[in-house]
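Enquirer: sequence below, structure please.
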Amino acid sequence: MIYKNALPNLTFYIRFGNMDKKELIGREDEIALLEKCVNSKKSEFAVVYGRRRIGKTFLVNQVFKDRYDFCYVGGHNLSEEEQLQKFAEALKKYGNSAFLPRLKDWFEAFTNLQEILQASKANKKVLFIDEMPWIDTPNSKFIKALESFWNGWAALRSDILLIASGSAISWMAENLFENQGGLYNRITAKIYLRPFSLNEVEQFFKNNGCHWDRYQIAQSYMIFGGIPYYYSLLNFSNSLAQNVDSMFFSKSGQLTNEFEELYSVLFRSADKYLAVVRLLASKPKGLSRDEILKGTKLQGGFLTKILLNLERSDFIQGIAAFGKKKKGIVYRLTDFFSIFYLKFVEHNRSRDIHFWTHSLNSPVVNSWQGLTFETLCLLHGEQIKRKLGISGMLTSISCFQNKNAQIDMVIDRADRIINLCEIKFSTGPYALTKSYSDKIRSRMAEFQAATGTRKGIINTFITTYGIHHGADSSIVGNEIVLDDLFA
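Expert: Numbering: from 1, shown residues only. This next block holds a predicted model:
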């Protein structure tokens, strides 16, 4: 196992049906950082983190494949004794030993690991400990043993690459990034995996021989978000509606139980997190911290921690109210899977295995699509800025609401221009009526009066297929269409 210069050209293998599709989809920066760690002249402690199903293990395995000097995956809900037994089995495998070591604690486990790594002749010894939060059972002293291993041995060498991974972002933050003990400031590389963008989802589809148009891809994004695992379950010989019926509404649906498992795996006291998520799901436009506090009756300090962890995990997003600081933040549920599940699946009692197909174009689905498209646009702010020609400009994205007007996206630019964004999801060009144009003018006047801004105002429409240009469309200064969000 010899590492020279750089890693070879890397590709992601995507399992689909009985075929392996070979193609790199995104993650270029993350791979480059892992490559840098492998080729550095000192020991590196890298942390790969992100929410469940985002592809952390997949990324690391595809980069290093079978080139680990040691690899261990923590088991969910296993006792300390069971975790140590599994770790001993990994030591036996990677140490090419005929004997299974008996480990009394994690200090002894890392001492045995040290001996295996000392025997390796690799220029850089790569060890991957996956699902680390699951390993740290109560009173196990796992973190203390890890601190001792890293500070007392690995960090003193120049040939160790330790990759730690886990889905419980709150645990990763508290025990690794914000550790005030022996691991303080020891992490040398943080690799956070975010959901795929629309562009990356489209690449995934193309690589798997799927030719859905962008309208249908956007619809799928409003159900699955950018979570790679969910897309890997799709059967592209069927329509999106057929897939949704199969995955959510059939008796053996692959995602029927995913929601509860998702939160219970990621968070301790998952019921408290779910209380916040369910409350935000009922208020698509978002709520302030005080409103969430009142609605959930949680203690203030605990709610602060929940909001922080949910935002770290890309389940919610705190959006500043225009012209206000911290107290003006509105929290919105931005996890598409959770929004869809709570809206259509959790309390569905129809027993209709074709529920989604039969619900298409219903008022409730059309309303959901309109609100969810706003969230999709919010999460593709960089693509919107690129279309506006302000990618390199200092900007802030906020919202505005008072008793007379509500604006879901306000882009405040360093060139003293403000884009007031109107977001519409439709099956064709959006036609503005005179009454709607008057409403937009009134909203702009209300914004100017309420904020006292002297900056230039541009009304910006973000739609699927643009606007129908006519006598009442002159109020629109900028247009952004669905294709622009795929940039």
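Enquirer: list of residues touching stretch 415-423?
Expert: By Cβ atoms under 8 Å, 6 or more residues apart in numbering, the residues outside stretch 415-423 that reach it are 373-374, 377, 384, 388, 390, 393, 407-413, 440, 443-444, 447, 453, 455-463, 478. Every C-beta, even on glycine, is put in place using the N, C-alpha and C of the backbone.
Enquirer: return the set of buried residues in it.
Expert: Neighbour-count burial for stretch 415-423 flags 417, 418, 419, 420, 421, 422, 423 (criterion: 16 or more other Cβ atoms under 10 Å).
Enquirer: likewise stretch 375-390?
Expert: In stretch 375-390, the ones that count as buried by 16+ other Cβ under 10 Å are 375-380, 383-388, 390.
Enquirer: ok, now stretch 467-478?
Expert: Burial within stretch 467-478, assessed by neighbour count using 16+ other Cβ under 10 Å, is assigned to 467, 472, 473, 475, 476, 478.
Enquirer: now do that stretch: distance from first to last residue.
Expert: One end of stretch 467-478 to the other measures 10 Å (Cα to Cα, to the nearest Å).
Enquirer: tell me the average confidence for it?
Expert: The pLDDT scores in stretch 467-478 average 92.
Enquirer: contacting residues around that stretch?
Expert: Under Cβ under 8 Å, 6+ apart, the answer for stretch 467-478 is 388, 419, 429-434, 436-437, 440-441, 458-461, 479.
Enquirer: among the residues you listed, which ones are buried?
Expert: The buried subset of those - by 16+ other Cβ under 10 Å - is 388, 419, 430, 432, 437, 440, 458, 459, 460, 461, 479.
Enquirer: ok, residues contacting stretch 291-305?
Expert: By Cβ under 8 Å, 6+ apart, the residues outside stretch 291-305 that reach it are 170, 272, 275, 276, 279, 280, 283, 287, 289, 306, 307, 331.
Enquirer: again with stretch 376-391
Expert: So stretch 376-391 is contacted by 197-198, 218, 221-222, 317, 319, 332, 334, 336, 393, 395, 397, 408-409, 411, 413, 415, 419, 421, 423, 460, 462, 478, 480, 484-487 (Cβ under 8 Å, 6+ apart).
Enquirer: same thing with stretch 322-333?
Expert: 277, 280-281, 284-289, 292, 307, 311, 315-321, 339, 375, 378, 398-401, 407, 410, 412, 451.
Enquirer: buried subset of the residues you listed?
Expert: Applying 16+ other Cβ under 10 Å to those flags 277, 280-281, 284, 286-287, 289, 292, 307, 315-321, 339, 375, 378, 398-401, 407, 410, 412, 451 as buried.
Enquirer: just these: which are in strands?
Expert: Here DSSP state E is the test, and the buried ones among the contacts of stretch 322-333 give 287, 316, 317, 318, 319, 398, 399, 400, 401, 407, 410, 412 as lying in strands.
Enquirer: residue 164: which of those is nearest?
Expert: Checking those against residue 164 with Cβ to Cβ, the nearest one is residue 316 at 25.2 Å.
Enquirer: and the closest one, how far is that from residue 69?
Expert: According to Cβ to Cβ, to the nearest Å, residue 316 and residue 69 sit 39 Å apart.
Enquirer: so which of the contacts of stretch 467-478 belong to helices?
Expert: Among the contacts of stretch 467-478, the members found in helices (DSSP state H) are 388, 434, 436, 437, 440, 441.
Enquirer: list the contacts of residue 59.
Expert: 27, 30, 31, 48, 193.
Enquirer: the same query, at a cut-off of 10 Å, please.
Expert: 10, 12, 26-27, 30-31, 34, 48, 50, 165, 191, 193, 228 (Cβ atoms under 10 Å, 6 or more residues apart in numbering).
Enquirer: out of these, which end up buried?
Expert: By neighbour count, with 16+ other Cβ under 10 Å, those hold 10, 12, 26-27, 30-31, 34, 48, 50, 165, 191, 193, 228 as buried.
Enquirer: so which of these are in helices?
Expert: Applying DSSP H to these, the entries found in helices are 30, 31, 34, 228.
Enquirer: packing partners of the helix or strand residue 112 falls within?
Expert: Following DSSP states H and E, one finds residue 112 within helix 106-119. With contacts defined as 3 or more Cβ pairs under 10 Å, 6 or more residues apart in numbering; DSSP states H and E, the packing partners of helix 106-119 are strand 70-73, helix 80-94, strand 125-130, helix 142-152, strand 160-166.
Enquirer: out of those, the one nearest residue 184 is which?
Expert: helix 142-152 (9.4 Å).
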